[in-house]
Structure formats: structure tokens, C-alpha cells
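J.: Starting from these lines, generate the structure:
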Amino acid sequence: MKLTLGDLEVGDAGRVSGYAGGGGYRRQLLAMGLTPGTGLKVIRRAPMGDPIELEIRGFSLSLRRDEAQCVLVEKESCNGAGNCCCPR
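T.: Predicted structure coming up:
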């Protein structure tokens, strides 16, 4: 089962594994730093679920729901100390 960025919950960590369709978004997402292999963490969602705030490469990035659905991710688990595996 392939997960998209939109499937992750607040607090989940993961790595970008590719893109699903994406149309014109793919180039923009790459320019924003969402390159394959990059670690990220979902910080929060707006009350209606759109946009989604991420922590990636040491900065905060907000994406609309339709953009987030184009990004394929591999979910990563956090260790017992609550420290996520993605880089900060």
C-alpha cells in the first residue's frame, strides 16, 4: 500500500519516496525541497485539514491537501524517547 503525505497524521515522520501523478506540481515540490529520500515530520493541520504544515530540512513548509496527495512517502517510526528518525 502506498502512502501519500496527506495520509500521515500530526506527529508522524516519513521520507519522500516519489510522486503520484502530480502534473505541474512535481517541479514545484522538488524546488521546495521535497526530493526523494528527504525526511519530514507532520507538525499540524488546519482545522478543516487544509493546509498541512511540515518540518523538512530545518524549516516549516505548508502544502495544500491536493499537493500533499501527490507526494508518496514511507512512514518512519519514532524511538521510545519520542525522537523521530528524520533529520532536523
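J.: so how many other residues sit close to Y25?
T.: 20 (other C-beta atoms under 10 Å). Every C-beta, even on glycine, is put in place using the N, C-alpha and C of the backbone.
J.: Likewise for L30?
T.: 14.
J.: can you check R15 too?
T.: That count, for R15 with other C-beta under 10 Å as the rule, works out to 17.
J.: May I have the phi/psi pair for D66?
T.: phi -70, psi -30 (degrees, to the nearest 10).
J.: show me the contacts for the closest residue to it other than its chain neighbours.
T.: Excluding the flanking residues, the one nearest D66 by C-beta to C-beta, 6 or more residues apart in numbering is Y25, at 8.0 Å. Going by C-beta atoms under 8 Å, 6 or more residues apart in numbering, Y25 touches D66, E67, C70.
J.: which of those residues has the most neighbours?
T.: C70 (22 neighbours).
J.: my guess is it contacts V16, does it?
T.: No: counting by C-beta atoms under 8 Å, C70 does not reach V16; the two are 10.8 Å apart.
J.: before we move on, the earlier item: turn the contacts of Y25 into CSV, including distance to G6.
T.: Output for the contacts of Y25, formatted as CSV (distance: C-beta to C-beta, whole Å):
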residue, distance to G6
D66, 8
E67, 9
C70, 9
